[in-house]
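Colleague: just the structure for this:
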Amino acid sequence: MQITKIVRKGGNVEIHLEDGSKFLVTDEFVLSKGLRKDDQIDDNFLNQLENENNYLLINNSALRLLSRRSHSKFELKVKLLKKKFEKERIQKVLSDLEDKGYLDDQKFAEELVSERLNRKKDGINKIRNSLYQKGVKKEIIESVLESEIDENEMIDSAMKLAEKKINLLSNVEDTLKRKQKLISYLSNKGFNFDQIKVVLNRLKLT
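Modeller: Okay, the predicted model is just below:
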């Protein structure tokens, strides 16, 4: 089988063969193999081209997803599987991305906690559940929550949300119903029983 063309494509190189097939590989691969136009390749080398091509396709897809936002290792794996890439090849790419620092569940958890606390004002339970759903390990979750969550700040956030919600519930005349709706709202936002109790006490709704 003869190489008919070697073309640069983005930051990589595309190898064209005489049967019309083409393979995306890295510059390093081309240089290390000394590939040139009109070179003849055998079946063994064709397998190497296929392996390199498949790895690069998965790697590029993963990097595109990571460029949009941070991902946990688990959710990135799920997205790549949905693209019908092979599980074993995906695992190799994920491991390499971890080694290079592009994929880091600890950092991902820290960013998610910060975003949920500061922008969405979520409570600890909702944040914890979100991290679990994204496949972050329990020990990482609890470590990050312990270092990032301040109980007083959490109660202050719950209080601010409660004060806004109370204003929206001003048309509910029944005090008990208003209290129940507030409790349900704060619980859905992820605040725990003790935090909600403090808020109710401050609002004199106990």
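
Colleague: show me what whatever helix or strand Ile140 lives in packs onto, helices and strands only.
Modeller: Assigned by DSSP states H and E, Ile140 belongs to helix 138-148. Applying 3 or more Cβ pairs under 8 Å, 6 or more residues apart in numbering; DSSP states H and E, we find helix 138-148 packed against helix 105-115, helix 124-133. For every residue, glycine as well, the C-beta is placed using N, CA and C.

Colleague: what are the contacting residues of the longest one?
Modeller: Contacts of helix 105-115 with the rest of the structure, by Cβ atoms under 8 Å, 6 or more residues apart in numbering, involve 70-73, 127, 130-131, 134, 136-137, 140-141, 143-145, 148-149.

Colleague: 10 Å instead, please
Modeller: 69-76, 98, 101, 104, 122, 124, 127-128, 130-131, 134-137, 140-145, 147-149 (Cβ atoms under 10 Å, 6 or more residues apart in numbering).

Colleague: domains in the protein, by residue range?
Modeller: 3-100, 105-148, 151-202 (automatic domain parsing).

Colleague: please identify the deepest-packed of those.
Modeller: domain 105-148 (a mean of 17; mean count of other Cβ atoms under 10 Å).

Colleague: who are the contact partners of Asp39?
Modeller: 1-4, 6, 15, 33, 45.

Colleague: lowest-confidence member of these, which is it?
Modeller: Across these, the smallest pLDDT goes to Lys33, namely 76.

Colleague: list the residues that contact that one.
Modeller: Lys33 touches 15, 25, 39, 41, 45, 48-49, 52, counting by Cβ under 10 Å, 6+ apart.

Colleague: max pairwise distance over those: which two?
Modeller: The span of the contacts of Lys33, defined through Cβ to Cβ, is set by Asp39 and Glu52 at 15.4 Å.

Colleague: now do the SS call for the residue positioned nearest the centre of the chain.
Modeller: Closest to where the C-alpha atoms of the chain average out (Cα atoms, centre = their mean) is His71, at 1.6 Å. For His71, the assignment made with DSSP: H, G, I helix; E, B strand; the rest coil gives coil.

Colleague: surely it and Arg64 touch.
Modeller: No: at 11.1 Å, His71 does not count as touching Arg64 under the criterion of Cβ atoms under 10 Å.

Colleague: phi, psi for Val25 please.
Modeller: phi -140, psi 170 (degrees, to the nearest 10).
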